[in-house]
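Colleague: Sequence plus the predicted model coming up.
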Amino acid sequence: MSVSRFPVWQWGPLTIRAPARGAVKTAVFGTLGVFLALALSLTLGEAGLSPDRLLQAFRGEAEPYEHWLFWQSRLPRALTALGVGVALGVAGAIFQSLSRNPLGSPDIIGINAGASAGAVLWLLLVPGMSVAWGALIGVVTVLLLLIPGMGRNGQLSRSLVLMGVAINALAIALVQFALTLVQREQAQQMLGYLAGSLSHRDWQQVTLIATTLAVALPGLLLLSRRLGLLALGRDTAISLGVPLRTTQLLALVLATVLALGAVLCAGPVAFVALVAPHLARWNGKQLALLRSGLIGALLLLGADTLTLILPGTQRLPVGVLTAMLGGAYLAWILFAELFRQRTRS
Amino acid sequence: MTPKQPKDCILQGQELHLDYAGKSVIAGLNIHIPRGRLTVILGTNGCGKSSLLKMLSQVLPPSKGRVMLDGKTLADMGNKERARQLALLVQKPELPEGIEVQELVSRGRYPHQTLWQQWSPDDERAVANALSATGLTGMARHPVASLSGGQQQRVWLALVLAQQSEVLLLDEPTSFLDIRAQLSVMDFCKALRQQGRTLVLVLHDINQALRYADHLLLMREGRILAQGAPTALISEQLLREAFDLDARIIQDPEAGCPMLIPRVRQYDHAWDRRVRPA
């Protein structure tokens, strides 16, 4: 066989379908973009460091305050933003592919709402302890509610979004109920959490999101071939030998783990998981996990940097900004689509 | 009626039951598919033809009963093992956005691949053969969505061909195609049968079924009404039973096989009583 139809990577007995040249290009430019965004984010803002002082701090030659600022405040914050962005982008792509719905994302499916409800109720019932436990319980509850929706024949797609809408409504009602019960300061604390924020992050969050990615990403990448077959429809996928239920269950659990990691590190950040896969498909290609993750990272870090440099937004939680930008983006695509249909007819 | 069992059958359903949404769609159906023959299943809309194909391929596991493939119980076979021996082309497969012809066809190789061996010279050959057999070699890099309906159907046929299974189940492979494209699909199926493959087709065009099938199965309301060689089987009485159809059977002047001609009706819209003459 002279030339293979598809590029492959061979290594001993291993023969792996190599990603298309476009994917390699995306990875290279994406990585460059991430480094650039990281550098920009660290140099900009009220407490930003100029490039030379950034290098000094990096080498450990800066004054103690700047050293602290770089290592304990800005760098962990930016890395958390990147990691959470990757997690959200990939989770969104998986949920959209599982639900066969361009709106399927942790926001819509109810995972974020579940985390919020769990966290708020936890704050109410066990005020002393970290809300992370509450969020964890909330997300696991949502997952347990979603799994039976798969049914005997693995009709996950329809039930995911419908169940999600129901779970969302329920969770938001619980959150509002909790908010009416608490004192003012406590409510303020809850609202701060509910918006999704990246301020005051430290290495604890960086470690958490890095661990999450290390656990869930390899599994999802291994599953991506099967998920690509699921795009041919349930019946075709089964007839080609894809174990439908196992694949859906694994993908659902791993994507939920990613969404959970993101929620624990930054709260329920809105819209990144919804918008990143859309942008990743800009040239009409199928499920692009890595590209979606990269775009998610750039989006979240970009949004966080914006909260640092825009006047009067220093205390704006990044989740509020992503909700504004994401909502505007979604409205824009819808209007553009409507306009295109209008002019066509 | 106990249907006659063909001597050498590769696929058989024993006492198949299917309940869908609490309703029994198929109850106690026995079916035998002869090896190396082209079998056509005929029946009215909703008589359970598609469900039967899905049960025979384990896409819709029967509620009761079992399917045997070459002496083995289908439900006990591994997913990929089964897919290497039996392919199903559904009526409306979903087309992923932006996918190219060769990429889509290559997905048919999935049951032959492992995580460690994702693309082998065998895969390469199978895809190349499938593309050339369907006349798509020149369009390998075209987006499937940019092709005509007939060409797209050839892409799906190439996909199941690349699967290299001995048995092919095709659900209405000619629907929505123009007459020429329909005939090329049928000729293609005949050629596959001549290579020794077993084909099972669901068709709506009775005359095409009569012309191309070795073995005919007529279904009505989840039961098998009759089965056998087309020439021996078909009768005006049977057509009335299977389709409520009033038709004459004449000889196909071209192929010599039976051919049906519906009789002229007194009214056009049987389902609309208002236009029915008093």
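Modeller: Received it, and whenever you're ready, just let me know what you need. Residues are numbered from 1 along each chain as shown, chains lettered A, B, ... in the order given.

Colleague: Only C-alpha atoms from now on, for both contacts and neighbour counts.
Modeller: OK.

Colleague: how many neighbours does residue A:271 have?
Modeller: Using other C-alpha atoms under 10 Å in any protein chain shown, residue A:271 has 29 neighbouring residues.

Colleague: show me the contacts for residue B:255.
Modeller: residue B:211 (C-alpha atoms under 8 Å, 6 or more residues apart in numbering or on different chains).

Colleague: helix, strand or coil for it?
Modeller: coil (DSSP: H, G, I helix; E, B strand; the rest coil).

Colleague: Just the pLDDT at it, thanks.
Modeller: At residue B:255, the model reports a pLDDT of 91.

Colleague: Close to chain B: what parts of chain A are there?
Modeller: Proximity of chain A to chain B (C-alpha under 8 Å from any C-alpha of the partner chain) is limited to residues A:1, A:4-5, A:8, A:13-17, A:153, A:222, A:229, A:231-233, A:235-236, A:238-243, A:284-286.

Colleague: Next step: those restricted to helices.
Modeller: A:222, A:229, A:235-236, A:238-239 (DSSP state H).

Colleague: returning to what we had before: could you flag which of the residues of chain A next to chain B are buried?
Modeller: If you count burial by 16 or more other C-alpha atoms under 10 Å in any protein chain shown, the buried members of the residues of chain A next to chain B come out as A:5, A:8, A:15-17, A:229, A:231-233, A:235-236, A:238-243, A:286.

Colleague: Please spell out which residues along the longest helix seen in chain B are buried.
Modeller: Secondary structure of chain B per DSSP H: the longest helix is helix B:179-194. In terms of neighbour count (16+ other C-alpha under 10 Å), helix B:179-194 has its buried residues at B:181-182, B:185-186, B:188-190, B:192-193.

Colleague: Give the other helices and strands that it contacts.
Modeller: strand B:38-43 (3 or more C-alpha pairs under 8 Å, 6 or more residues apart in numbering or on different chains; DSSP states H and E).

Colleague: same question for the strand it packs on, mean pLDDT?
Modeller: 96.

Colleague: what helices or strands is that strand leaning on?
Modeller: Judged by 3+ C-alpha pairs under 8 Å, 6+ apart, strand B:38-43 is in contact with helix B:49-56, helix B:179-194, strand B:198-202, helix B:206-212, strand B:215-220.

Colleague: and the third one with helix B:179-194, angle?
Modeller: Right, the one you point to is strand B:198-202. Inter-element angle recorded for strand B:198-202 and helix B:179-194: 150 degrees (by axes from the mean of the first three to the mean of the last three C-alpha atoms, to 10 degrees).

Colleague: ok, which stretches of the stretch 1-150 of chain B are helices?
Modeller: B:49-56, B:79-85, B:101-106, B:121-133, B:149-162 (DSSP state H, counting those that start in this stretch).

Colleague: Dump those to a markdown table, plus distance to residue A:277.
Modeller: Shown next, in a markdown table, are the helices of the stretch 1-150 of chain B (distance: least, C-alpha to C-alpha, whole Å):
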| stretch | distance to residue A:277 |
| --- | --- |
| helix B:49-56 | 33 |
| helix B:79-85 | 30 |
| helix B:101-106 | 21 |
| helix B:121-133 | 30 |
| helix B:149-162 | 27 |
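
Colleague: now those as a markdown table including distance to residue A:123 and mean neighbour count?
Modeller: Formatted as a markdown table, the helices of the stretch 1-150 of chain B follow (distance: least, C-alpha to C-alpha, whole Å; neighbours: other C-alpha atoms under 10 Å in any protein chain shown):
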| stretch | distance to residue A:123 | mean neighbour count |
| --- | --- | --- |
| helix B:49-56 | 51 | 23 |
| helix B:79-85 | 47 | 20 |
| helix B:101-106 | 51 | 23 |
| helix B:121-133 | 57 | 19 |
| helix B:149-162 | 55 | 23 |
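
Colleague: Nearest to residue B:219, out of those?
Modeller: Each of the helices of the stretch 1-150 of chain B has some distance to residue B:219 by C-alpha to C-alpha; the shortest is helix B:49-56, at 7.2 Å.

Colleague: so where's the chain uncertain?
Modeller: Using chain A here. A:1-3, A:19-22, A:46-48, A:150-155, A:282-287, A:313-314, A:344-345 (pLDDT under 70).

Colleague: that's the wrong chain, I meant chain B
Modeller: Counting by pLDDT under 70, the low-confidence segments of chain B come to B:1-7, B:266-278.

Colleague: again, only using 50
Modeller: When residues are selected by pLDDT under 50, those of chain B lie in B:1-3, B:275, B:278.

Colleague: With distance to residue A:42 as extra columns, can I get the helices and strands packed on strand B:38-43 in JSON lines?
Modeller: What follows is those, written out as JSON lines (distance: least, C-alpha to C-alpha, whole Å):
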{"stretch": "helix B:49-56", "distance to residue A:42": "58"}
{"stretch": "helix B:179-194", "distance to residue A:42": "62"}
{"stretch": "strand B:198-202", "distance to residue A:42": "64"}
{"stretch": "helix B:206-212", "distance to residue A:42": "71"}
{"stretch": "strand B:215-220", "distance to residue A:42": "71"}
